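A.B. asks: make a model of this:
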Amino acid sequence: MCYLAIAAQIPVLRLCQTMLRLHLKIFACLLLIMMNSSAVYPSVNILNARIVTADRVFTGSMTVTGGKISDISQGSGGISAADWQGDFLLPGLVELHTDNLEKHLMPRPKVSWPVMPAILAHDAQIAAAGITTVLDAIAVGDIDPDSVRMQTLNPCVQGLRTAADAGLLRAEHFLHMRLELAEPDLLQMFGPFLQDAGLKLVSLMDHTPGQRQWTDLAHYRTYVTGKRGWSEQKVDQMLGLLLDRQQRHVADNRQQVIALCQQHTHPIPLASHDDTTAEHVHEGVAEGVSISEFPTSLLAAQTARQQGLAIVMGAPNRVRGGSHSGNVSASELARHDLLDILSSDYVPASLLQAAFMLQDDGYDLPKAIATVSRAPARALGLHDRGEIALGLNADFIRVRMLDKLPVVLGVWRNGRQIA
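C.D. replies: Numbering: from 1, shown residues only. As a prediction, this is how the structure comes out:
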């Protein structure tokens, strides 16, 4: 009877042993997660920093826990904190339109570079400029059928995914698909990216010379002969071809692209590009556009403001003191309070420098810094970043002034230093 009782208990004992092993495995997994979280999201304590929030500037301290901003205090902080010696503590910059990657893909005219090394070099440059969130402006179609853009579209997007999945990227990268509406195969080229989780912005572009950005054909000739290496003969040949493509494709492509974006499960923000007239702006508003990228005239910017669009201007425009295309300057729009967001466009380092220069145009420092952080983040629906505030992602940068030039000394994303 005793043996029978013990035998009857064996399944129960085995069950208990199995449960114990399972609990030990769960405990080990939880411990590993906690250890990894501590490594990925270290605690950070900073004191004696000039902190720029959404509405004020003050000397104080900040604490980061679990990748989030957990405390912000005015005055001196704890003795164990890192002393920033009065350097600025700013939110990590948010870039919604940069084609900087293209410069690494084609460092010289007709010279192609391997995609993955180009992506990694681009990412390092972006992070060094203080940018923690970047929308890589990937061109879909081009005015030049022989452009590098036509060969690198899919490899670039796949390469960005691969690098991100491998944990190789310093900044957080999203997609901004720049649609060249005169491209005959635009819909087939754009379609595969509609469901990409990283797609955050679509801009509607028409770079046909003689209108919008290229109203002045002399500026257009200077640009394409220098940037693209076209001969004057090729410029003359292309003008007729490009006008024909515009007439045949732009209106239909525009209508279909807008319908696709609006029917998306999560409607994708739309940006107009190089608006020149009030009619351009009204057309975009009727189509659901929420962002006006690089308006080329004061009238277009004024109309965009009246219609409630976020107005984006190029940081290189502000640094240089004018547009390389001969259009309205960023400084002029800022002086009319018609500039909401700055974009580094083709020079990543220009973003922070231009923001500080906006103080000469009447912006106080919090408002100026918002043009490269809070404003672009909100325009894209990214509400977890873009300012120094409790509970937001600990994306921030350390900046020291050299006379009037802001110099990036350190960059953190989610509390982890990346540059």
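A.B. asks: wait, residue 370 sits on residue 54?
C.D. replies: Yes - between residue 370 and residue 54 there is a contact at 6.6 Å, judged by C-beta atoms under 8 Å. Yep, even glycine has a C-beta here, placed from its N, CA and C like the rest.
A.B. asks: these two: which is more packed in?
C.D. replies: residue 370 (27 against 15; other C-beta atoms under 10 Å).
A.B. asks: which residues touch that one?
C.D. replies: Applying C-beta atoms under 8 Å, 6 or more residues apart in numbering, we find residue 370 in contact with 54, 387.
A.B. asks: any idea how far it is from residue 328?
C.D. replies: 21 Å (C-beta to C-beta, to the nearest Å).
A.B. asks: poorly predicted segments of the stretch 201-350 of the chain, please.
C.D. replies: Flagging of the stretch 201-350 of the chain using pLDDT under 70 yields the residue ranges 209-230, 235-237, 239-240, 265.
A.B. asks: picking up where we left off before, identify the contacts common to residue 370 and residue 54.
C.D. replies: The contact lists of residue 370 and residue 54 share residue 387, where a contact means C-beta under 8 Å, 6+ apart.
A.B. asks: neighbours of residue 279, how many?
C.D. replies: Neighbours of residue 279 under the rule other C-beta under 10 Å: 11.
A.B. asks: in a strand, it, correct?
C.D. replies: No - under DSSP: H, G, I helix; E, B strand; the rest coil, residue 279 falls outside any strand and is assigned helix.
A.B. asks: distance of it from residue 303?
C.D. replies: Taken as C-beta to C-beta, the span from residue 279 to residue 303 is 9 Å.
A.B. asks: kindly report the same for residue 345.
C.D. replies: In terms of C-beta to C-beta, residue 345 sits 22 Å off from residue 303.
A.B. asks: repeat for residue 414
C.D. replies: Residue 414 is 39 Å from residue 303, by C-beta to C-beta.
A.B. asks: more neighbours: those two, which one.
C.D. replies: The neighbour comparison of residue 414 against residue 303 (other C-beta under 10 Å) goes to residue 303, with 22 against 19.
A.B. asks: tell me the spacing between that one and residue 337.
C.D. replies: 15 Å.
A.B. asks: then residue 152?
C.D. replies: For residue 152, the distance to residue 337 - C-beta to C-beta - is 39 Å.
A.B. asks: between those two, which has more neighbouring residues?
C.D. replies: residue 152 (21 against 13).
A.B. asks: what's that one sitting at in phi/psi?
C.D. replies: When quoted as degrees, to the nearest 10, the phi and psi of residue 152 stand at phi -110, psi 0.
A.B. asks: next up, the contacts around the closest residue to it other than its chain neighbours.
C.D. replies: Of all residues beyond its chain neighbours, the one nearest residue 152 is residue 105 (5.5 Å), with distances taken as C-beta to C-beta, 6 or more residues apart in numbering. Contacts for residue 105 (C-beta under 8 Å, 6+ apart) come out as 112, 113, 115, 118, 148, 152, 156.
A.B. asks: next, count neighbours for the third one.
C.D. replies: Okay, so that is residue 115. Counted with other C-beta under 10 Å, residue 115 comes out at 22.
A.B. asks: who are the contact partners of it?
C.D. replies: Each residue near residue 115 by C-beta under 8 Å, 6+ apart is listed here: 105, 152, 155, 156, 159.
A.B. asks: need the worst-confidence member of those residues.
C.D. replies: Lowest pLDDT among those: residue 152, with 86.
A.B. asks: any idea how far residue 175 is from that one?
C.D. replies: 14 Å.
A.B. asks: now do the helices in the stretch 101-250 of the chain.
C.D. replies: 115-128, 149-165, 186-190, 217-227, 232-262 (DSSP state H, counting those that start in this stretch).
A.B. asks: could you identify which of the ones you listed is most buried?
C.D. replies: helix 115-128 (a mean of 20; mean count of other C-beta atoms under 10 Å).
A.B. asks: quick one, it and helix 149-165 angle?
C.D. replies: Comparing the axes of helix 115-128 and helix 149-165 via axes from the mean of the first three to the mean of the last three C-alpha atoms, to 10 degrees yields an angle of 70 degrees.
A.B. asks: in contact with the residue nearest to residue 317 when sequence neighbours are not counted, which residues?
C.D. replies: Counting by C-beta to C-beta, 6+ apart, residue 317 lies nearest to residue 330, which is 4.2 Å off, once chain neighbours are set aside. Applying C-beta under 8 Å, 6+ apart, we find residue 330 in contact with 313, 314, 315, 317, 318, 323, 339, 342, 354.
A.B. asks: just put the residues you listed in a markdown table and tack on distance to residue 275, secondary structure and neighbour count.
C.D. replies: Formatted as a markdown table, the contacts of residue 330 follow (distance: C-beta to C-beta, whole Å; DSSP: H, G, I helix; E, B strand; the rest coil; neighbours: other C-beta atoms under 10 Å):
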| residue | distance to residue 275 | secondary structure | neighbour count |
| --- | --- | --- | --- |
| 313 | 12 | strand | 29 |
| 314 | 14 | strand | 26 |
| 315 | 19 | helix | 29 |
| 317 | 15 | helix | 26 |
| 318 | 18 | helix | 27 |
| 323 | 14 | coil | 19 |
| 339 | 14 | coil | 27 |
| 342 | 17 | strand | 35 |
| 354 | 20 | helix | 29 |
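A.B. asks: any idea what residue 173 is bridged to?
C.D. replies: residue 134 (DSSP bridges).
A.B. asks: would you check that residue 175 makes contact with residue 140?
C.D. replies: No - at 10.4 Å, residue 175 does not count as touching residue 140 under the criterion of C-beta under 8 Å.
A.B. asks: shared neighbours of the two, which are they?
C.D. replies: residue 193.
A.B. asks: pretty sure residue 83 contacts residue 59?
C.D. replies: No - contact criterion C-beta under 8 Å: residue 83 and residue 59 do not qualify, at 11.6 Å.
A.B. asks: got any residues that touch both of those two?
C.D. replies: residue 48.
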